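J.: what's the 3D shape of this:
(3 chains)
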Amino acid sequence: MSTEAAPTKKLSPNSIVRARRRAALRRFTSAFGRDRGGMLGLVIIVVFFALALLAPLLFDRSELDVTQATADPYLPPSRTYWLGTDDSGRNVLALVIWGARISLLVGLSATVLSMFIGTSIGIMSGHFRGVTGGAMDRVTEWFLVIPYLPLAIVLATVLGKSIWVIIVVIGVTSWPGTARIIRAQTLSVGSRAYLERARVLGGSNWHQMGRHVLPNVMPLVLANTTLAVSISILSETTLSFLGLGDPTAVSWGSILETAFDNGAISLGAWWYLAAPGLCVVLVVMSFNFMGRAIEGILDPREQGA
Amino acid sequence: MALLEFEDVSVTYRSRGADVPAVRGVSLSVDIGHSLGIAGESGCGKTTLASTVLRLLPKSARVTGRVLLDGEDVLTMSFGRLRAVRWAKAAVVFQGAMHGLNPVQRIGDQLVEPILLHEKVFSRRAATNRVGELLELVGIPARRVNSYPHQLSGGQKQRVMIAMALTCRPRLLLCDEPTTALDVMVQAQVLDLLAGLVRELGIGMVFISHDLSVLSSSCDRVAVMYAGEVVEEGPAAAVFDGPRHPYAAALAGAFPRIGDTRFRYAPAGLPGDPPFPGDLPSGCPFHPRCPIAVEACQTESPPLLQMGDRRTACLVVNSSQGAA
Amino acid sequence: MSTTEARPDQAGPTAPPVLEARGLQVTFRGRGTAEARAVDGVDLALGKGEILALVGESGCGKTTLARTLLGLERPSAGQVLVDGKPLAYKSSALKAYRRRVQLVLQDPTSALNPRHTVYEAVAEGLRIHRLDKDEGEQVAAALSRAGLRPPERFFLRYPHELSGGQRQRVVIAGALVLEPDVIIADEPVSSLDASVRGEILALLLHLRDELKLSLLVVTHDLGLAWNIADRIAVMYLGRVVEQGPTEALLAGPLHPYTQALLSVVPDIDRVAPIVLTGEPPDPTRIPAGCRFHPRCQLVASGEAARAGVEVRCRTSPLPVLPITSGQSAACHLLNQS
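T.: The predicted structure is shown next:
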C-alpha cells in the first residue's frame, strides 16, 4: 500500500503527530488563503484589531473627554477631522477607534462565554442519556426562550450598567442556540462505532467526550464561533444603543445612541451615524465571510477522511 | 442471437484530471432463459459494466465498444429510444435498492408509477391489477399493496424491488448484489424466486455478486472479473469447483466448503488488496498477489483464451494447457 | 432433560470456562409496553484457548448476547461469570474486566476515529488503563502481532489511508495491546473483501494458537464456523437451540433449524435445500411452546404429528439448553426418540 521508507531517526510518536498537525494547519491556511471572501474578511478584521490595539497611540484618551473638546460641534469631514466632529466637538474618528475596543472586547468575550457553555452542555446533553441528558435538554430549552432584551433591561437595572453585564446577558442568551447544534452533532457522532470501541476499551464518559466527541465536533464549533461573534457584536451595539451599556464607555452602539439622542439625523450630520454604523457592518460582514470560509474548508465531505 | 452482448466494452472515468479505467475490454453474452453471474470484489468494475446496459453512467464516463440488447446497440441509441428501452427491455435491481423505496408512499403507489409511465394505455384500475399480479409473482400477498415500506421486512422489501423491476415485462433483469444484506434463509428464498422467474417468464438474468458460491448454484455461467477485466469465464459450477485462474481459485477458496477437511482450520486468503482502478500494476494486474506469477506476468498482459468449456486470462495457465 | 449425547467430546477443553453465561436474559422495553426478549435464557461457556462460533440470523439475539458478555448491557436475569465469579457492574470492576475481555467490531472503518492516527488508536487502551510505560514498544508489539510489519511504518497513518484488511488489523491490535484473555469478534470479516477475509481469519487462528486466546465469533456464516471454530452454538429468537463440536454439528445437525440453515448454504449439495417460509418473528412476539414451531419443517410436513409431539411443540416450552461437552439440541421430537 505505501512505498514510504521508515523514518531513519527514532522520533517520539508524539512529536511526529505534532508535525502532522502542523502540516494539517498549513493545508488549512493555504486553503483559507484561496478563499477570497475569507481573506477579505480576515484583512478587515486584522485592520480593526490593529486600530483598536493602537488606539492609545493614535489618539490620546483625553480626546474622548467631553469637557476637553475644543473643536466646533457637527463639523463635516475635513482634512483635520477625517470623520468630522460630534455634538460636543469631539473627533469622531477618535471615538470610533476607541469604540472599537469596547465593541470588539464585548463581542469576543460574550462569544467565548457562550461557546464555552454551549459546547459543554451540548456535548453532555447529547452524550448522556436518561435523566441527566433530559435535564440538560430542559435547561437548554428554558434558556432558549428567555428574550434577551427584557433580560438585559432587568439585569442592567438590578446590577447596574456595565460592559460586564452586557457580556453576561449576551453569553447567557446565546449559548442555547450553539448547544442545540452541538447536541445534534454529538448524537450523530455518538452512534458511531469508535465511540463504542472507546467504551469497550474501558474509557469513561469523560474520555469518550474529550477524546472522540469533542475533536469531531470542533469544526462545527469553530465555524459557529465566527458567526457567533458577529451576532454578539450586533447585540452589544443594540444594547448600548438602547442605553443599557456603561454610560462612560465609548462603543459604537453608544456613539449611535448619543447621535440619535442629539438629533443628528435632523441636523444632517450623516458622518456621525455613518461612521459607527459602517464599522459595525464591516466587522459583522467580515466575521461572516470568515465563518463561511472556515465552514467550507472544514466540511467533512471536502476532507480526505 | 444473444439477448445481451458486451462486445469489447471499456469504460473510463475522468476524475480530477486523471483517467480511471474501470472496465477494460470486456466481452460477454447472455441468452434468453439463461443467467450469467459476474463475480468480483470492490473496484473490479462489475457495477460499472452493469450500468452501461441502460446508459446510467455519468456524462464524464467514456464508453467504447458495443452493448447489444436484442441486437440494438444501447450506446448509440437515440435518447427517445433509450427511454423506451429502459425498464421495458431491461431493468436493474441495484445494490441496497430496498433503501430506495420512498418511505412515505405505499408500495402499491410506487409500483404503479413505472407502469403508468411506460404503458400509457393502462387505466389506473388495470395498472392496479397488474401490481397485484406482480406482488403475487414475487411471493408477497396482494393484500399488502397498501403497506408502507417500514411495515415490510428486509426480504419483503427486496422482493418489492424485484417486482418493480418486472413491472414493464423486461426481457433482461440485472441484479447487483441483490442478496448481500439479507440473512441466509431470506437469501435462499430470494434466489429461489429469481431462478423461478427466469424459468417461468423466460427472461435473461445477469447476477452480480462477490459471493462466488451463490453464483455457482444460481447461475448457468459465471464470469470472474478483476481490475476491470474478465479473468475467467465458464459454466458456473465448473468454475467454482475447479477454477483455473489463480484469482478465481482464491475467490472460490474464500467460501469454504463445509465438510471439506481441506478448509478446516485453514482459512485461505490473498495477501494485499484488490487494486484501485486508477493505479493498476503493469502487465497482468493480478501479478503482485498471485501465487504462481512468473517474470513475464509483470510485463505482458494475458489475453482471454478459450480452452475447453472455459476462457481464462493467465499466461501460466494458458501456456501449460496449450490454449487454442 | 433435552440433551442427546450424540458424539463424544471432541476438541473441547477440560479446564474451567474462562467466560460463562448462566440463564442469561436480556430484555428491552421499546416504545409503548412491548417487551422485547432479545436474549431469553442462554447458558454458554467459553473455555481457555477455545474458539466458539455463535451462529444465527439477524434478530436472534447473538449480538445482544455478545454485548452482554462484554458488560455493555446489563442482563435482566441470569449471570455473566468470569473464571467462575460473577461480573460486578461497578465502574471500577467493569474497567478491570475490560483488560480481560475485548471486542473486535464488524466494520473497521467506522470502528476507528478518522482523526486519530493508528498509533493513537492502538495506544488508547493503554492510556485509559494507565499502562503507558514503554507505550511505543507495546504499540509496536501489538501491531506486529496483528500482522502489520514493520509497525513503525503504520504509526502515523490515518485509517482512511489504509485498506479494509489493514484497518481490521489495527482494530485487532488495539484489542491485543491490553493482553486480554478473551476476544469477542462480531462479524469480523463480513465487511471485508472476500479475498482478504482468509488473512484475517488466519490471524485469529494464529492468535489462538500463539497466545492461547479464547475467541467468541458472532457470525451468520456457517462456512466461517467450519473454517475456524472448535464449537458452534446456534441461536434462534433469543435461545441457543443447538450446540456442539463443529465437525459433529455440521456433519449431523440435530435441530431442524440447524438442518435448514445448513441445507441452504449455496454449495452444499449433499442435502436438499429446506427453504423455510417467512422470516423469524420479532422478539416481542415469541411463539408459545417451542419458539421455532411456526416455521419448523417437521411440523409442516407432519412428521411431528406422526411422532405424537406436535401438541407439545405448540404448547410446551423447552428448558434452557444446558452446557455439555458433546452435541445437544432443544427439540421435542429429539427428546422423544
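J.: for the residue nearest the centre of chain A, which three-state class applies?
T.: Chain A has residue A:229 as the residue nearest its centroid, 2.1 Å off, counting by Cα atoms, centre = their mean. Here residue A:229 is helix, with the state taken from DSSP: H, G, I helix; E, B strand; the rest coil.
J.: and the pLDDT at it?
T.: With respect to pLDDT, residue A:229 has a value of 89.
J.: ok, it touching residue A:105?
T.: No - counting by Cβ atoms under 8 Å, residue A:105 is not a contact partner of residue A:229; they are 11.5 Å apart. Heads up, the C-betas are built off the backbone N, CA and C, glycines and all.
J.: ok, longest helix in the chain?
T.: Going with chain A. helix A:92-127 (DSSP state H).
J.: nope, chain C
T.: Across chain C, the longest stretch assigned as helix under DSSP H is helix C:194-211.
J.: check contacts around residue 241.
T.: I'll assume chain A. A:253, A:254, A:256, A:257, A:260 (Cβ atoms under 8 Å, 6 or more residues apart in numbering or on different chains).
J.: meant chain C actually
T.: Contact analysis of residue C:241 by Cβ under 8 Å, 6+ apart lists C:234, C:235, C:255, C:257, C:258, C:292, C:321, C:329, C:330, C:331.
J.: list phi and psi for residue C:168.
T.: Dihedral angles of residue C:168 (phi, psi; degrees, to the nearest 10) stand at phi -60, psi -40.
J.: next, give phi and psi for the closest residue to it other than its chain neighbours.
T.: Of all residues not flanking residue C:168 in the chain, residue C:108 sits nearest, at 4.2 Å (Cβ to Cβ, 6 or more residues apart in numbering or on different chains). Phi and psi for residue C:108, reported as degrees, to the nearest 10, are phi -70, psi -20.
J.: again with residue C:283
T.: phi -60, psi 0.
J.: could you chop chain B up by domain?
T.: As given by automatic domain parsing, the domain ranges for chain B are B:4-89+B:170-321, B:104-165.
J.: does any part of the last one sit near chain C?
T.: Yes - Domain B:104-165 is in contact with chain C by Cβ under 8 Å from any Cβ of the partner chain, via B:153, B:154, B:155.
J.: now, these that are in helices?
T.: Checked against DSSP H, the residues of domain B:104-165 next to chain C include these in helices: B:154, B:155.
J.: want to throw the residues of domain B:104-165 next to chain C into a markdown table with neighbour count and pLDDT?
T.: Putting the residues of domain B:104-165 next to chain C into a markdown table (neighbours: other Cβ atoms under 10 Å in any protein chain shown; pLDDT from 0 to 100) gives the following:
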| residue | neighbour count | pLDDT |
| --- | --- | --- |
| B:153 | 18 | 83 |
| B:154 | 15 | 80 |
| B:155 | 23 | 84 |
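J.: what lies in contact with stretch C:280-299?
T.: For stretch C:280-299, the surrounding residues in contact (Cβ under 8 Å, 6+ apart) are C:28, C:30, C:34-38, C:40, C:57, C:59-61, C:236-239, C:241, C:255-257, C:259-260, C:274, C:276-278, C:304-305, C:310, C:312-318, C:330-333.
J.: flag every buried residue along it.
T.: Using 16 or more other Cβ atoms under 10 Å in any protein chain shown as the test for burial, stretch C:280-299 gives C:280, C:283, C:286, C:289-299.
J.: I'd assumed residue B:293 was in a strand, is it?
T.: No - under the criterion used here (three-state DSSP), residue B:293 is coil, not part of a strand.
J.: put the alpha carbons of stretch A:181-191 into CSV.
T.: What follows is stretch A:181-191 as a C-alpha-only set of coordinates in CSV (Å, rounded to 0.1, in the frame of the first residue of the first chain):
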residue,chain,number,x,y,z
ILE,A,181,-26.4,22.4,17.1
ILE,A,182,-23.6,20.8,19.1
ARG,A,183,-26.0,18.3,20.6
ALA,A,184,-27.3,17.3,17.2
GLN,A,185,-23.7,16.7,16.1
THR,A,186,-22.9,14.8,19.3
LEU,A,187,-25.8,12.5,18.8
SER,A,188,-24.7,11.7,15.3
VAL,A,189,-21.1,11.1,16.4
GLY,A,190,-22.4,9.1,19.3
SER,A,191,-23.8,6.4,17.2
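J.: which parts of the chain are helices?
T.: Because you didn't say which chain, this covers chain A. A:13-34, A:36-58, A:92-127, A:130-144, A:148-159, A:163-190, A:193-200, A:205-207, A:214-241, A:252-261, A:264-267, A:270-298.
J.: you answered for a different chain; I wanted chain C.
T.: C:62-69, C:91-97, C:108-111, C:118-128, C:135-145, C:164-176, C:194-211, C:222-228, C:246-251, C:256-263, C:297-300, C:303-307, C:310-315, C:332-336.
J.: can I get the ones you listed in a markdown table including distance to residue B:174?
T.: Output for those, formatted as a markdown table (distance: least, Cβ to Cβ, whole Å):
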| stretch | distance to residue B:174 |
| --- | --- |
| helix C:62-69 | 33 |
| helix C:91-97 | 50 |
| helix C:108-111 | 28 |
| helix C:118-128 | 40 |
| helix C:135-145 | 43 |
| helix C:164-176 | 26 |
| helix C:194-211 | 21 |
| helix C:222-228 | 27 |
| helix C:246-251 | 35 |
| helix C:256-263 | 28 |
| helix C:297-300 | 33 |
| helix C:303-307 | 41 |
| helix C:310-315 | 43 |
| helix C:332-336 | 44 |
